[in-house]
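Chemist: Just a sequence and a predicted model for now, questions to come.
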Amino acid sequence: MEKISVSKFKATCLELFERVNKTGESYIITKRGVEIARVVPAPKEKAHKKSYFGCMSGTAKEIGDIMEPLPESDWEVLN
């Protein structure tokens with residue numbers, strides 16, 4: 001990581017941001033020799049985000065005929 005004074009950073013910040021984005025290099029900003037900030041590349045976003053449509057496909061299980069009524073023993077109200 002290269003160190004840059006705050007005054008040099010102020011004069012060239014846009015150029016520095018472009019350099020960080022292109023090269024992936026990090027920089028340390030100093031004020032009177034003391035580290036005050038770091039400029040690091042932003043994390044890369046995933047190119048393809050999964051759609052919510054169909055995301056639960058294949059997770060349910062059909063265990064019987066859904067149109068057939070339940071037997072009386074399964075109804076707590078009838079007990």
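Modeler: Yes, it's here.
Chemist: quick one: K10 and I29, what's the gap?
Modeler: Going from K10 to I29 by C-beta to C-beta, to the nearest Å gives 9 Å. For glycine as for every other residue, the C-beta is placed from the backbone atoms N, C-alpha and C.
Chemist: ok, those two, which is more surrounded?
Modeler: It is I29, of K10 and I29, that has more neighbours when counted by other C-beta atoms under 10 Å, with 18 against 10.
Chemist: The most centrally placed residue in the chain: what secondary structure?
Modeler: In the chain, the centroid-proximal residue (C-alpha atoms, centre = their mean) is E45; its distance is 7.0 Å. Following DSSP: H, G, I helix; E, B strand; the rest coil, E45 is assigned to coil.
Chemist: Beta-bridge partners for the closest residue to F17 other than its chain neighbours, please?
Modeler: Leaving aside its chain neighbours, F17 sits nearest to V39 (7.1 Å; criterion: C-beta to C-beta, 6 or more residues apart in numbering). Here V39 sits in beta bridges with Y27, as judged by DSSP bridges.
Chemist: Tell me who's in contact with V39.
Modeler: Counting by C-beta atoms under 8 Å, 6 or more residues apart in numbering, V39 touches 16-17, 20, 26-29.
Chemist: Helices of this protein, residue ranges please.
Modeler: In the chain, the segments counted as helices under DSSP state H are 6-23.
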